[in-house]
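**Q** Predicted model follows, preceded by the sequence.
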Amino acid sequence: MTHQQLHSREPGAIFETNLPARLDRLPWGRFHSLLVVALGVTWLLDGLEVTLAGSVSGALKNSPVLRMNNFDIGLAGGIYIAGAVLGALLFGWLTDRLGRRKLFFVTLWLYVGATAATAFSFSLESFLLFRFLTGMGIGGEYTAINSTIQEFTPVRYRGWVDLSINGTFWLGAALGAGGAIVLLDPRVVGGELGWRLCFGIGAALGLVILVMRLWLPESPRWLLVHGQRDKARHIVEGIEASLREQGHELPAVTSKPLRLYARDHTPLGEVFHTLFVRFSRRALVGMTLLTAQAFFYNAIFFTYALVLTDFYQVPAEQVGWYVLPLALGNFCGPLLLGRLFDVVGRRVMISFTYATSGMLLALNGYAFQQGWLDVTQQAAAWMVIFFFASAAASSAYLTVAETFPLEIRALAIAVFYAFGTGLGGIIGPTLFGQLIQTQQRGSLLIGYLAGAALMCAAAAVQAVWGVSAERRALEHVARPLSQAED
């Protein structure tokens, strides 16, 4: 395909703008806090869903309606991830084409409806279908939300904010664990009704967030390249005015204006040429990081409840208690290490967190296989491992969101999320479900070592080819496809 064919659509008139630079130099204000809460809840919802799948697994196996076994639990995890993969690809393409704002409403509505329907599952097949649709909603959310947050966050906060928001996955995990503890308790609700009410938590929370999102505008960066300059300027001026009202003094804009031309969409040929030819090394890095963390996380967290119940004889209704310290470690990792990704730099910190979590998992897997750890020690070991792994996994989403051009940002997130999660997220839970079914600790060690090896390999790839994107404008990290030649 020739360069002329890739750009077969005639560009619109060239214009100059400093709106991206005006967004990048802003101090933190109430608008940014609202943005983080209203959009960042996506990770909280995903954490809730993943944790519920594990925390209620015992109740699902005992359900007279579903009658699930260990393989079915692993299959449900894989089905959820398959839905997330398809949702990311479909809604990622639509997000770049139709806008960030439209799609983060569509995907949240899909999630709310599907997770509410899960509570009314009437057979194993219906449960799997509703989990698939729930995954579609969450996968679509990832693409629309990641791109929006990247495009609004001031440049000096971008790494820390992105990692911290991803870390809220674990607030959702804690919420899911706590809900399972209460609702599965026979003295409160118990068994069959309890697991159904657990899935209602996400639907109720999603409805609240739908209202909060009504106040969020479209991304000015997206509007610019789609020919809506006046609307983009009005949004930026409104944010600046609100910051001045809060007492902030806004720094002068010193960077050179961008010269852009409008386009209504980016042809798929140009998308894939940009991803896999022009930015082939970045594509390799993104693919490796997301695949490794997806296998690492999904393999363990879709089946951790089975490890506790089958190997440590933890009662199903008590599994949630062991999730809470684990969630704390996962939440604190991105929160406490996040600033270092902006100060020390992406390349060093991403490599460090990937390698550290991989080596710790290998050591823990061997100790588990030898039977050296009781259930409390195992939970503590997981908490330490995922303090580092959580920051590593969050940085994978940061990497694919900020290292590709504006016009294809959402679809880039979708493509690498889909490939990485499809490879690591579907295979992982299914494989670990089979390994646990053997009731042999040595079998599980093989799975843990595979996850550790993937994380260490990802660390090496990042160290060699990773991009130093810290404290740099998105347009400098990846030149927009619609930027005119100087």
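**A** Arrived safely, thanks for sending. The shown structure was predicted, so the numbers you read here are calculated from the model rather than taken from an experiment.

**Q** Can you tell me what sits against the one helix or strand Phe416 maps to?
**A** Assigned by DSSP states H and E, Phe416 falls within helix 409-421. By CB atoms under 8 Å, 6 or more residues apart in numbering, the list of residues contacting helix 409-421 from outside reads 81, 84-86, 88-89, 91-93, 95-96, 100, 103, 139, 142-144, 146-147, 150-151, 271, 275, 283, 286-287, 289-294, 298, 396-397, 400-401, 404. To be clear about C-beta, it is placed using only N, CA and C from the backbone, and glycine gets the same treatment.

**Q** who does the helix or strand following that helix touch, helix- and strand-wise?
**A** Following helix 409-421 in sequence order, the next helix or strand is helix 427-437 (DSSP H and E). Applying 3 or more CB pairs under 8 Å, 6 or more residues apart in numbering; DSSP states H and E, one finds that helix 427-437 contacts helix 70-98, helix 280-301, helix 304-311, helix 441-465.

**Q** and the first one, average pLDDT?
**A** Confidence over helix 70-98, taken as the mean pLDDT, stands at 87.

**Q** Equivalent analysis for stretch 220-236, please.
**A** 93.

**Q** Quick one: residues in contact with it.
**A** Contacts of stretch 220-236 with the rest of the structure, by CB under 8 Å, 6+ apart, involve 12, 15, 17, 19-20, 22-23, 99-100, 151, 217-218, 260, 262-264, 406-407, 474, 480, 482.

**Q** now stretch 201-213
**A** Against stretch 201-213 from outside (CB under 8 Å, 6+ apart): 34, 37-39, 41, 44-45, 48-49, 52, 104-105, 108-109, 111-113, 115-116, 119, 175-176, 179.

**Q** buried ones in it?
**A** Ile201, Gly202, Ala203, Leu205, Gly206, Ile209, Arg213 (16 or more other CB atoms under 10 Å).

**Q** Let me have these in JSON lines, adding secondary structure, pLDDT and distance to Gly247 as columns.
**A** As requested, these are exported to JSON lines (DSSP: H, G, I helix; E, B strand; the rest coil; pLDDT from 0 to 100; distance: CB to CB, whole Å):
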{"residue": "Ile201", "secondary structure": "helix", "pLDDT": "83", "distance to Gly247": "38"}
{"residue": "Gly202", "secondary structure": "helix", "pLDDT": "83", "distance to Gly247": "38"}
{"residue": "Ala203", "secondary structure": "helix", "pLDDT": "87", "distance to Gly247": "39"}
{"residue": "Leu205", "secondary structure": "helix", "pLDDT": "85", "distance to Gly247": "33"}
{"residue": "Gly206", "secondary structure": "helix", "pLDDT": "86", "distance to Gly247": "34"}
{"residue": "Ile209", "secondary structure": "helix", "pLDDT": "86", "distance to Gly247": "29"}
{"residue": "Arg213", "secondary structure": "helix", "pLDDT": "89", "distance to Gly247": "27"}
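
**Q** now for those residues, which pair is the farthest apart?
**A** Ile201 and Arg213 (18.9 Å; CB to CB).

**Q** pLDDT score assigned to the residue lying closest to Asp24 once chain neighbours are set aside?
**A** Once flanking residues are discounted, Asp24 sits nearest to Val155: 4.1 Å by CB to CB, 6 or more residues apart in numbering. Turning to Val155, the model gives it a pLDDT of 90.

**Q** just to revisit the earlier point, hmm, which of the contacts of stretch 201-213 are the buried ones?
**A** 38-39, 41, 44-45, 48-49, 52, 104, 108, 111-113, 115-116, 119, 175-176, 179.

**Q** hang on, the earlier thing: export the buried residues of stretch 201-213 to a markdown table and append columns for distance to Gly466.
**A** A markdown table is the format used below for those (distance: CB to CB, whole Å):
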| residue | distance to Gly466 |
| --- | --- |
| Ile201 | 38 |
| Gly202 | 34 |
| Ala203 | 39 |
| Leu205 | 35 |
| Gly206 | 35 |
| Ile209 | 33 |
| Arg213 | 33 |
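
**Q** right, and Ser482 touches Arg259 too?
**A** No. With contact defined as CB atoms under 8 Å, Ser482 does not reach Arg259; the gap is 9.6 Å.

**Q** neighbour-wise, which of the two wins?
**A** Between Ser482 and Arg259, Ser482 has the larger neighbour count (other CB atoms under 10 Å), namely 21 against 15.

**Q** and that one, how far is that from Leu94?
**A** 19 Å (CB to CB, to the nearest Å).

**Q** Quick check: which ranges of the stretch 101-250 of the chain have low pLDDT?
**A** 191 (pLDDT under 70).

**Q** need the helices for it, in chain order.
**A** Residue ranges of the helices in the stretch 101-250 of the chain, as given by DSSP state H, counting those that start in this stretch, are 124-152, 158-167, 169-183, 191-212, 220-225, 229-245.

**Q** so how far is the third one off the chain centroid?
**A** Spelled out, that is helix 169-183. 18 Å (CA atoms, centre = their mean, to the nearest Å).

**Q** Need the contact partners of it.
**A** 43-52, 55-56, 188-190, 194-195, 197-198, 201, 317-321, 323-324, 326-328, 330-331, 390.

**Q** List the ones among those residues that fall in strands.
**A** Using DSSP state E, the subset of the contacts of helix 169-183 located in strands is empty.

**Q** Which of these are buried, as a PyMOL select command?
**A** The command below creates a PyMOL selection of those among the contacts of helix 169-183 that count as buried (16+ other CB under 10 Å):
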select buried, resi 43+44+45+46+47+48+49+50+51+52+55+56+189+194+195+197+198+201+317+318+319+320+321+323+324+326+327+328+330+331+390
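
**Q** Please identify the helix or strand for Phe15.
**A** strand 14-17.

**Q** what's the next secondary structure element after that strand?
**A** Taking DSSP H and E, what comes next after strand 14-17 is helix 19-24.

**Q** Show me what that following helix is packed against.
**A** Partner elements for helix 19-24 (3+ CB pairs under 8 Å, 6+ apart): helix 220-225, helix 229-245.

**Q** What is the burial count for Ala484?
**A** 14.

**Q** just the helices in the stretch 251-400 of the chain please.
**A** 268-273, 280-301, 304-311, 319-343, 346-370, 375-402.

**Q** closest one to Arg244 among the ones you listed?
**A** helix 319-343 (25.5 Å).
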